[in-house]
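*Asks:* Prediction below, plus the sequence it came from.
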Amino acid sequence: MSEIDPDEWRGEFDAEIARWLLYRIAEDYGVSATLHPKPVKGDWIESIMAHYYRIISIQLGSQLQDQPGFGAAGGLGFGISAFINSELKSGINIVLEALNFNQYLLDADLVITGEGRIDSQSERGKAPIGVINYANQLNRRVFVIAGSVDDPKTFNQKFNVTNSYGIVNAKFSIEKAFEDPYGCLKSVSQKAAEDFKVLVT
């Protein structure tokens, strides 16, 4: 650290860092990353990271304000932000901005998105939430189709989702979903289509 001269290189380039990519990098090295502020019991993590923060702040002559994603991939989010002119962003927002996603929603009557499971982790910047947020900005109806939805009513209300559908539900068990995924998805999709027809007639 004592040999670092940040003025020589820190301003040479800017970067947008997707938190999702930090998770994948961590997995490559057998590390399970989390955004939880205190993933392991005890005060030793805070002590070590606070010391690390003080060293970097002194060496770089700056005080970085804490922000979501700094803890991603074992603190890699903070490290990248400290040493590179970068902005930590939700990976899906980077993708949607690059695609100019809003243009595809202008004439849409319905937006459909989904993932394997909708649960508390989904709220932390996963792809469906990014799509839902874009759709809500233009007041578009949104259907979410997922492998399972932990609490459909709460999820729909919290994120202004028109309706959400789990392939695993009262009708289909997880065993049935694995046995006949096409049939289960077809059934749920038909239900979604029938619900949409009711909405627009």
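*Replies:* Looks like it came in fine. Numbering: from 1, shown residues only.

*Asks:* biggest helix in the protein by residues?
*Replies:* Longest helix of the chain, by residue count under DSSP state H: helix 181-200.

*Asks:* Which residue ranges make up each domain of this protein?
*Replies:* 6-89, 92-200 (automatic domain parsing).

*Asks:* Where among these is average confidence lowest?
*Replies:* Ranked by mean pLDDT, the domains of the chain bottom out at domain 6-89, with a mean of 62.

*Asks:* looking at this, Ile145 is in a strand?
*Replies:* Yes: judged by DSSP: H, G, I helix; E, B strand; the rest coil, Ile145 forms part of a strand.

*Asks:* Across the sheet, point out what pairs with it.
*Replies:* Legend: beta-bridge partners of Ile145 under DSSP bridges are Tyr165.

*Asks:* if I pick it, what's in contact with it?
*Replies:* Listed by Cβ atoms under 8 Å, 6 or more residues apart in numbering, the contact set of Ile145 reads 112-114, 164-165, 167, 185, 188-189, 192. Backbone N, C-alpha and C define where each C-beta goes, glycine included.

*Asks:* Now do it against Gly166, distance only.
*Replies:* 8 Å (Cβ to Cβ, to the nearest Å).

*Asks:* Mutual contacts of the two, please.
*Replies:* Val188.

*Asks:* can you give me the strands for the protein?
*Replies:* For the chain, the strands defined by DSSP state E cover 14-18, 85-89, 110-113, 117-118, 141-146, 148-149, 163-166.

*Asks:* Could you check the angle the longest one makes with helix 181-200?
*Replies:* The one in question is strand 141-146. Between the axes of strand 141-146 and helix 181-200, defined by axes from the mean of the first three to the mean of the last three Cα atoms, to 10 degrees, the angle is 160 degrees.

*Asks:* Mind exporting the C-alpha coordinates of strand 141-146 to CSV?
*Replies:* In CSV, the C-alpha atoms belonging to strand 141-146 read as follows (Å, rounded to 0.1, in the frame of the first residue of the first chain):
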residue,chain,number,x,y,z
ARG,A,141,-49.0,-4.1,-16.9
VAL,A,142,-46.5,-6.7,-15.6
PHE,A,143,-46.9,-10.5,-15.3
VAL,A,144,-44.1,-12.5,-13.6
ILE,A,145,-43.8,-16.2,-14.3
ALA,A,146,-41.3,-18.1,-12.1
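
*Asks:* And the contacts of Ile145, which of them are buried?
*Replies:* 112-114, 164-165, 167, 185, 188, 192 (16 or more other Cβ atoms under 10 Å).
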